[in-house]
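Participant: No sequence on hand, only this structure:
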């Protein structure tokens, strides 16, 4: 009969503690708004409404992120405890211009280890945010990650926790896979947007995150969420007739593929080589497929005045909450 | 005055328990047995000491005919340390051999069927038998499939006599058609797929080149070496993505840099007529491709993870490591080179 080792006992205690934490020990921080986000055309404007409008100049851009417990209304009247960067899903958008240096300081107020893993940027292994590189943050700790925005960093990318799980044993090399999607599923993700100044000006940029959330997090059935919430709490998007919009879309995962479309409209890939060298017109798509943790941007021209549902076409995802409304309003005189 | 923030009692208790685990756990703690070496048999590819010629996935010669002998057979396939499946293979390996032809070559595949079910050879090369269901070879029989390598690229070849079960059990591989010798230092083939319980009772694994963690292929490159990647999703039925940490590459489909490529399963792109296995979620309006060929500059020194970014697949084994430059491997120690 094998005796239980001390680490096994500690591990069992830890799991029990995680499962049975008394409520008075939980600290959820301040309440957050439960109204749907309103994006796009909200007030009269002359200038393009861009998510990241940065002047050139090789700047150093510093961001402070805190991983923290948050009370979150994931669906109408459906409140659950989640994990966030700075109190909301998604976390703050990190903006950079090619040539910039980015410093992200992550403070961990969760009782699990977390990390910051960036897509798209250039970095050394010790800013990878993984078990492998030992670049994670223990409970109560903090760490600064360093990145550079290179020419091939231009575009829309995700950042996310890349450890976020305690019931792994990353300290026995080679025997476990020290990565899980739990941190992402509980809300630890956001966007990185890198520009190089050649972006076509558009009237609006709209940032959307698609994600799947399982029953162990929702404490009910599985949900498909946009910007962290299921319908009817998904973003309400407004555009003026004929306005040009750039959707920056991130599939935050952790598992499902999605197929995004706006009814009555086509989404245009303006990066395709044949397009940029002028030998083809814009590649027009009825919908865009996005696998887990893939991202991109697509442009669209708002059609006639009316209300157009946007949604994921993968069977079951609409009904699990992954849809919302895009409203085209008349052009102001 | 700013309030001083101290960790709460919950965080302190959890931290103490984590520290206790760190202090007490070690490879020799006996949790996992003493003699077990999980990293034996990890295939190592890429830079292994000095080389002046490119290390390619396969080579062709001056001949204008490529003759290939493939035997379809039953194989006990160990896909990770201590875990096997009853596989069907082309040539006793999973995946089958990388086939290689120059553009314009005649390819003759002599298929010898030693399985107890009919088997066929089907490849998605345009103008081969990509759009039709080829005649199958009866058990114990042999036949030759002949076609011309019309278009450069990478193509999945697979059995089509058994629906998705042929791929599900391991009857697949990659054909590369070249229009020139690529000016790269290395070529790697990344063939993604799943071993599903429908075909392998009590088994679910997400695999690359027929293997799962920790037996995933390991790639070693010198700093700034140029690597061509042939990425294919065999399926049989699940979507995969391929993410390499620390690097970006130009995606031909999207026309922009990416660091994670989404591929539909081969069956969804080319065989929508086949019945979808249980659990398959088809993309409704849009289909991503099942093949991508791209070039990667191994620019970032260090040891990095590569994996499918579907977390259910990471947890089912679809993760491995690569090193760039002369670095010590956390997982492999000095054996990395």
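Facilitator: Thanks, I have the structure now. In this text, all values refer to a predicted model and were calculated from it rather than measured experimentally.
Participant: Give me the buried stretch members for the longest helix anywhere in chain B, please.
Facilitator: In chain B, ranked by residue count with DSSP state H as the criterion, the top helix is helix B:9-24. Buried residues in helix B:9-24, counted by 16 or more other Cβ atoms under 10 Å in any protein chain shown: B:10-11, B:13-15, B:17-18, B:20-21, B:24. (Each C-beta comes from the backbone N, C-alpha and C, glycine too.)
Participant: what does stretch B:108-126 give?
Facilitator: B:109, B:111-113, B:115, B:117-125.
Participant: Show the end-to-end separation of it, please.
Facilitator: Stretch B:108-126 has an end-to-end distance of 16 Å (Cα to Cα, to the nearest Å).
Participant: Point out where chain A drops to low pLDDT.
Facilitator: Under the criterion pLDDT under 70, the flagged ranges of chain A are A:1-3, A:18-33, A:164-179, A:272-282.
Participant: now the helices for the stretch 101-250 of chain A?
Facilitator: Here the stretch 101-250 of chain A has its helices, by DSSP state H, counting those that start in this stretch, at A:182-185, A:215-218.
Participant: of all the ones you listed, which lies closest to chain B?
Facilitator: For those, the distance to chain B is smallest for helix A:182-185, at 7.4 Å, taking Cβ to the nearest Cβ.
Participant: Not counting its own residues, what contacts the closest one?
Facilitator: Residues outside helix A:182-185 that contact it (Cβ atoms under 8 Å, 6 or more residues apart in numbering or on different chains): A:83, A:112, A:114-115, A:160-165, A:211-214, A:217, A:252-254, B:311.
Participant: List the buried residues of stretch B:65-82.
Facilitator: Quick answer for stretch B:65-82 (16+ other Cβ under 10 Å): B:66, B:68, B:70-73, B:75, B:77-81.
Participant: What are the boundaries of the strands in the stretch 101-250 of chain A?
Facilitator: A:101-108, A:117-118, A:142-148, A:155-160, A:189-195, A:204-213, A:223-226, A:236-240, A:244-253 (DSSP state E, counting those that start in this stretch).
Participant: Could you do the stretch 51-200 of chain B as well?
Facilitator: Using DSSP E, counting those that start in this stretch, strands in the stretch 51-200 of chain B cover B:65-80, B:83-90, B:99-102, B:106-113, B:122-123, B:142-148, B:153-158, B:172-178, B:186-195.
Participant: could you redo these as JSON lines and give each row distance to chain A?
Facilitator: Listed next are these as JSON lines, based on distance: least, Cβ to the nearest Cβ, whole Å:
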{"stretch": "strand B:65-80", "distance to chain A": "11"}
{"stretch": "strand B:83-90", "distance to chain A": "13"}
{"stretch": "strand B:99-102", "distance to chain A": "26"}
{"stretch": "strand B:106-113", "distance to chain A": "30"}
{"stretch": "strand B:122-123", "distance to chain A": "25"}
{"stretch": "strand B:142-148", "distance to chain A": "28"}
{"stretch": "strand B:153-158", "distance to chain A": "17"}
{"stretch": "strand B:172-178", "distance to chain A": "20"}
{"stretch": "strand B:186-195", "distance to chain A": "12"}
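Participant: okay, those in CSV with mean pLDDT next?
Facilitator: Shown next, in CSV, are these (pLDDT from 0 to 100):
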stretch, mean pLDDT
strand B:65-80, 96
strand B:83-90, 96
strand B:99-102, 96
strand B:106-113, 96
strand B:122-123, 94
strand B:142-148, 94
strand B:153-158, 95
strand B:172-178, 97
strand B:186-195, 96
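Participant: any chance of the ones you listed in CSV, with distance to residue B:271 too?
Facilitator: CSV is the format used below for the strands of the stretch 51-200 of chain B (distance: least, Cβ to Cβ, whole Å):
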stretch, distance to residue B:271
strand B:65-80, 19
strand B:83-90, 18
strand B:99-102, 20
strand B:106-113, 19
strand B:122-123, 9
strand B:142-148, 18
strand B:153-158, 10
strand B:172-178, 12
strand B:186-195, 14
